[in-house]
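A.B. asks: I need the structure of the sequence given here:
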Amino acid sequence: MVAVPGDMTAPKCGLSAAQVRTLGAKKIQHFFHLAAIYDLTASAEEQRAANIDGTQHALDLAAALKVGCFHHTSSIAAAGLYPGVFREDMFDEAEGLDDPYLRTKHDSEGLVRNETRIKWRIYRPGMVVGHSKTGEMDKIDGPYYFFTFLKKLREMLPPWMPTLGIEGGRINVVPVDFVVDAMDHIAHKPRLDGHCFHLTDPGADAGSARSSTPSPAPAMRRK
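C.D. replies: Numbers count the residues shown, from 1 in each chain. Below you'll find the model as predicted:
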């Protein structure tokens, strides 16, 4: 394996014509696109450049390389603020996309869905946390801030006062190794091009995407 530095905000991810020719000769079968900004405090311009333009540049590069399949990591944020169940076959039904993050995640998935040059598959993971066995993670963000907030809130308030917590509610958290294993498995299953998969807790009623599922997974419910 050879790492090839690039730039998601540049055409064809910043690769030169010579690099594209060299990589194209290798007959790449799988192209995984996971680069994105998911920082809700990032500016709208930054999010558009990384999430929308970056996805288009990745698609253009994958098409130039004539890859076997483009694998796009999306998010349930593509549904916007849609209430209730948002199925894997739903897209245009998304609502409340005024927030730049929701809009860019929706539009970037839309670019993939409208791609005709190469085959594609889309994955919508739940809230990704550390490794299920070791707890290892690459950085503290997202759900970890939420858990810390709950802990501090409970320490500040009297024990008899009811507060928000994980128990009594539902939050779909998935360890990173589950997401990786599911994507790897689905990517190598035949006849699944053009489908979208929710990579969530198989035991939760908020939707699931079992890695052994031979067809698009059930829906994820947005509370």
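
A.B. asks: quick check: residue 35 is in a strand.
C.D. replies: No - per DSSP: H, G, I helix; E, B strand; the rest coil, residue 35 lies outside any strand segment and is coil.

A.B. asks: and stretch 63-82, which residues are buried?
C.D. replies: Buried residues in stretch 63-82, counted by 16 or more other CB atoms under 10 Å: 63-65, 67, 69-80, 82. In short, each C-beta sits where N, CA and C put it, glycine included.

A.B. asks: brain fart, stretch 111-127
C.D. replies: Applying 16+ other CB under 10 Å to stretch 111-127 flags 111-113, 115, 118, 120-126 as buried.

A.B. asks: now do it: distance to the chain's middle.
C.D. replies: 10 Å (CA atoms, centre = their mean, to the nearest Å).

A.B. asks: quick one on the thing from earlier: and the buried residues of stretch 111-127, which is closest to residue 136?
C.D. replies: Closest approach between the buried residues of stretch 111-127 and residue 136, by CB to CB: residue 125, at 17.0 Å.

A.B. asks: what's across from that closest one in the sheet?
C.D. replies: residue 199 (DSSP bridges).

A.B. asks: follow-up on the earlier one: now, the buried residues of stretch 111-127 that are in strands?
C.D. replies: Counted as lying in strands by DSSP state E, out of those, are 120-125.

A.B. asks: for residue 100, state which of the residues you listed is nearest.
C.D. replies: Ranked by distance to residue 100 (CB to CB), these are led by residue 124 at 18.8 Å.

A.B. asks: just put the ones in strands among the buried residues of stretch 111-127 in a markdown table and tack on distance to residue 43 and pLDDT.
C.D. replies: Converted to a markdown table, these look like this (distance: CB to CB, whole Å; pLDDT from 0 to 100):
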| residue | distance to residue 43 | pLDDT |
| --- | --- | --- |
| 120 | 28 | 98 |
| 121 | 30 | 98 |
| 122 | 26 | 98 |
| 123 | 26 | 98 |
| 124 | 24 | 96 |
| 125 | 24 | 92 |
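
A.B. asks: could you dump those residues to a markdown table with distance to residue 197?
C.D. replies: What follows is these, written out as a markdown table (distance: CB to CB, whole Å):
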| residue | distance to residue 197 |
| --- | --- |
| 120 | 12 |
| 121 | 7 |
| 122 | 7 |
| 123 | 5 |
| 124 | 7 |
| 125 | 9 |
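
A.B. asks: now for the buried residues of stretch 111-127: which two are most distant?
C.D. replies: 118 and 126 (26.8 Å).

A.B. asks: right, and residue 104 touches residue 51 too?
C.D. replies: Yes - counting by CB atoms under 8 Å, residue 104 does reach residue 51; the two are 3.8 Å apart.

A.B. asks: give the contact list for residue 108.
C.D. replies: Counting by CB atoms under 8 Å, 6 or more residues apart in numbering, residue 108 makes contact with 36, 51-52, 54-55, 72, 74.

A.B. asks: lowest-confidence one in those?
C.D. replies: Within the contacts of residue 108, residue 36 has the lowest pLDDT, namely 92.

A.B. asks: contacts only, for that one.
C.D. replies: 50-51, 54-55, 73, 105, 108.

A.B. asks: got the angle for the helix or strand harbouring residue 104 vs strand 120-125?
C.D. replies: For residue 104, the element it lies in under DSSP states H and E is helix 100-113. Relative orientation of helix 100-113 and strand 120-125, computed by axes from the mean of the first three to the mean of the last three CA atoms, to 10 degrees: 150 degrees.
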